[in-house]
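Trainee: Below is the sequence, then the predicted model.
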Amino acid sequence: MSIALAILDALVFIAVVVPFILLVRHRGAIPALPAVDVPGALPSLSVIVPARNEATAIGRALASLLAQDYPGLEIVAVDDRSTDGTGDVLRELASANPSLRVLRIDALPSGWLGKNHALWRGAQRSTGTWLLFTDADVVFAPGTLRRTLAYALAERLDHLTLAPRLVSRSFMLGAFVAFFAYAFVALWGAYLANDPTSKRGVGVGAFNLVRREAYEAIGTMAALSLRPDDDIRLGRRLRAFGFRQRVLNGREWLSVSWYPSLAAAVRGLEKSMFSSLEYRLVDAGAVVLFIISTMVWPFVGVIVLDGIDRALLAMVVACQLAGFLETYRQSMGRIDPRAVAQAALLPLTALLFAYTIVRATYLALATGRVTWRDTAYPLAELRAQTGLEGVPRS
């Protein structure tokens, strides 16, 4: 038993320390959006904003877009079957702002998820040579669009994605969001998207800026019509097709209240957690086992074990906490007492993250469907569109 435990602890040590070393080596690999010279003539830009029951948030988000100083900006807001006051907000804004076009969708055709269909329809109705896919609750700082387009042109990019500042309304939600960012950057390796030798592709729903020619070359959103994780899949598909891509820290330029509460975050992730694992039970189990063994067990083992096992696990805990704080620093620009307190909750937030995977997997397999925004989608239909990042579709 002691030998088996020692082997386990050694494997955990390797599984944590290696990614930590890579994270340290790639410090600053996701830099902030730099200052660039804005050319005299900027290409035409269309912003696509899908919305379903977003009456409380979309007014502020669109106001921040309408206040942008981008010449000839076109904004296409797509009301996807909303049953609240979203349509009223959009009509009022459109009546006073000719740059805002509103498209209403009353029925969802088969073979589509609601948001994906709204993005596709919005892009169809747009005219810009560049497209920005964003969400209905994202608030943009003044000058964001001019600066990002200028940067994309200067770097000859086909796709630019920005990670927003995530605003949390409670301490525990903030801890969960911070863990999510840690997993995204340090464990999944989002920073590799900026490595030209890597095939890692990244997309963030708050800000996916893509050249229209590249968007059409990958088959548009029709190629991702049934992907709940449409944002990251868009980035992965663009990268797989060989397009130039970059991910930057956009904390100074856009912000979003990710979810109103911790419970809402857990429910919201139900739509994408199993999807991100290609709807495979084995993969879901492996990820949950990895989380528990590398982010929960070390904190327990340091207390209950001694000798070499304790020493190994103590180094694991140190690397986990240091990695968490480093990704927090990269995301927020600083480390404050709040970050230290949230780092101490790492085992708890890791367990909560594992729970979201278990819950999402169980619900999908038990019910045979995934429910998102009050619409249920058959699991068999969703599974039919997995592993297609690099496969051209008609």
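Mentor: Cool, the structure landed. Numbering: from 1, shown residues only.

Trainee: So Ala136: helix, strand or coil?
Mentor: coil (DSSP: H, G, I helix; E, B strand; the rest coil).

Trainee: Could you double-check that it lies in contact with Pro50?
Mentor: Yes - the pair Ala136 and Pro50 passes the contact test of CB atoms under 8 Å, sitting 6.7 Å apart. Every C-beta, even on glycine, is put in place using the N, C-alpha and C of the backbone.

Trainee: roughly how far apart are Lys271 and Ile357?
Mentor: When distance is defined by CB to CB, to the nearest Å, Lys271 is 13 Å away from Ile357.

Trainee: quick check, Pro196 in a strand?
Mentor: No - assessed by three-state DSSP, Pro196 does not belong to a strand; its assignment is coil.

Trainee: Around it, count how many other residues there are.
Mentor: Residues contacting Pro196 under the criterion other CB atoms under 10 Å number 6.

Trainee: which residues does it contact?
Mentor: With contacts taken as CB atoms under 8 Å, 6 or more residues apart in numbering, Pro196 has no neighbouring residues.

Trainee: can you map out the helices along the stretch 151-300 of the chain?
Mentor: For the stretch 151-300 of the chain, the helices defined by DSSP state H, counting those that start in this stretch occupy 171-182, 212-217, 230-240, 262-268, 270-276, 281-295, 297-304.

Trainee: Columns mean neighbour count, distance to Thr367 and mean pLDDT on top of these, output as TSV?
Mentor: Formatted as TSV, the entries for those read as follows, by neighbours: other CB atoms under 10 Å; distance: least, CB to CB, whole Å; pLDDT from 0 to 100:
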stretch	mean neighbour count	distance to Thr367	mean pLDDT
helix 171-182	21	25	90
helix 212-217	17	33	98
helix 230-240	24	21	95
helix 262-268	16	14	88
helix 270-276	22	11	87
helix 281-295	17	15	95
helix 297-304	16	31	95
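
Trainee: Could you dump these into CSV with distance to Gly189 added?
Mentor: Compiled in CSV, those are given as follows (distance: least, CB to CB, whole Å):
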stretch, distance to Gly189
helix 171-182, 12
helix 212-217, 23
helix 230-240, 13
helix 262-268, 23
helix 270-276, 14
helix 281-295, 14
helix 297-304, 21
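
Trainee: List the contacts of stretch 265-272.
Mentor: Where contact means CB under 8 Å, 6+ apart, the residues beyond stretch 265-272 that reach it are 173, 176-177, 228-229, 258-259, 352, 355-356, 359-360, 363, 370-372.

Trainee: Please indicate which of those are buried?
Mentor: Among these, those that count as buried by neighbour count (16 or more other CB atoms under 10 Å) are 173, 176-177, 228-229, 258-259, 352, 356, 359-360, 363, 370, 372.

Trainee: pLDDT below threshold where in the stretch 251-394 of the chain?
Mentor: When the per-residue scores of the stretch 251-394 of the chain are filtered using pLDDT under 70, the ranges that remain are 387-394.

Trainee: For Arg81, which residues are in contact?
Mentor: So, once contact is read as CB under 8 Å, 6+ apart, Arg81 ends up touching 52, 105-108, 114.

Trainee: I misspoke; the intended subject was Leu254.
Mentor: Shown here is Leu254, whose contacts under the criterion CB under 8 Å, 6+ apart are 138-141, 144, 162, 164-165, 206-207.

Trainee: The residues you listed in strands, which ones?
Mentor: 138-140, 162, 165 (DSSP state E).

Trainee: which among these gets closest to Leu119?
Mentor: Val138 (13.9 Å; CB to CB).

Trainee: Can you report how many residues neighbour the closest one?
Mentor: By other CB under 10 Å, the residues close to Val138 number 24.

Trainee: beta partners of it?
Mentor: Beta-bridge partners for Val138, by DSSP bridges, are Val256.

Trainee: Make residue 1 into 149 and carry on from there
Mentor: Yep, numbering from 149; the last one is Val286 now.

Trainee: sorry, back to before: out of the buried ones among the contacts of stretch 413-420, who's nearest Gly481?
Mentor: Val325 (15.5 Å).

Trainee: Do I have it right that that closest one meets Ser409?
Mentor: No - counting by CB under 8 Å, Val325 stays clear of Ser409, with 11.7 Å between them.

Trainee: Next, show the common contact partners of the two.
Mentor: Taking CB under 8 Å, 6+ apart as the contact rule, Val325 and Ser409 touch no residue in common.

Trainee: if you skip the residues just before and after it, what's nearest to the residue nearest in space to the middle of the chain?
Mentor: Nearest to the mean C-alpha position of the chain, counting by CA atoms, centre = their mean, stands Val352 at 4.1 Å. In this structure, Val352 finds its nearest non-sequential neighbour in Thr309, 4.7 Å apart by CB to CB, 6 or more residues apart in numbering.

Trainee: quick one: that neighbour and Asn342 touch, right?
Mentor: No - the criterion here is CB under 8 Å, and Thr309 misses it with Asn342 at 10.6 Å.

Trainee: All good on my end, thank you.
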